[in-house]
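> Here is the input, now give the coordinates:
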Amino acid sequence: MSKKKTDPDVGEVLPPDEQKPDFEYLAKYYKAEFDNFRKRNQDNAMNAYRDARADTVLAILPVIDSIYEAAKHGSPGIEIVIRKFEKILEELGIEEIQTKPNDDFDPHLHNAVAGEGDKIKEVWQRGYKYNNKILRPTTVLVGKGE
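Model (predicted):
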């Protein structure tokens, strides 16, 4: 004896010959599920790519800092290297956080290592962002406003 199914809409038992699966519904359902799966995987792949790029840039930022420090001491030819690094960062979508003395201190963009107040007195280390995400905040000395 075959098992009888109940129609969920009316609650009555259907005869065995009417207990056919709705293949059109199932095809649409699994197509939608697959589309969602594909979109999630594309998003995951893009996020992994962005994270890898950000990690790579974070690894080379100390080298860039050293180059800027060498430029302060007048090392010959260092300006060419700086321009090349800046061009590469720009091509990668890495932006320097523009900070200068007397700017307002913003805890989302800046890391104060010394001083008290709400104005930036000196920039100690450049900060960078990628894709509107802070890679490294600008390290600053703060003081009272003028």
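
> Show me where the protein has its strands.
Remark: strands assigned in the chain by DSSP state E are 94-96, 110-114, 119-125, 128-130, 133-136, 138-143.

> what's the closest of these to residue 31?
When those are compared by C-beta to C-beta, strand 133-136 sits nearest residue 31, at 34.5 Å. To be clear about C-beta, it is placed using only N, CA and C from the backbone, and glycine gets the same treatment.

> For the closest one, buried residues please.
135-136 (16 or more other C-beta atoms under 10 Å).

> Can you tell me the strand partners of it and which way each runs?
As defined by DSSP bridges, the strand partners of strand 133-136 come to strand 128-130 (antiparallel).

> for the partner strand, the distance to its chain's centre please.
When distances are taken as C-alpha atoms, centre = their mean, to the nearest Å, strand 128-130 is centred 9 Å away from the chain's centroid.

> Export the strands of the chain as CSV, with columns for mean pLDDT and distance to residue 33.
Below are those laid out as CSV (pLDDT from 0 to 100; distance: least, C-beta to C-beta, whole Å):
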stretch, mean pLDDT, distance to residue 33
strand 94-96, 94, 38
strand 110-114, 92, 45
strand 119-125, 94, 48
strand 128-130, 95, 33
strand 133-136, 94, 31
strand 138-143, 94, 46
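
> Let me have these in a markdown table, extended by distance to residue 69.
Below are the strands of the chain laid out as a markdown table (distance: least, C-beta to C-beta, whole Å):
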| stretch | distance to residue 69 |
| --- | --- |
| strand 94-96 | 16 |
| strand 110-114 | 16 |
| strand 119-125 | 10 |
| strand 128-130 | 16 |
| strand 133-136 | 16 |
| strand 138-143 | 13 |
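
> Which residues does residue 123 form beta bridges with?
Beta bridges link residue 123 to residue 140, judged by DSSP bridges.

> What is the burial count for it?
17 (other C-beta atoms under 10 Å).

> Surely it is in contact with residue 101?
Yes - taking contacts as C-beta atoms under 8 Å, residue 123 lies within contact range of residue 101: 7.3 Å.
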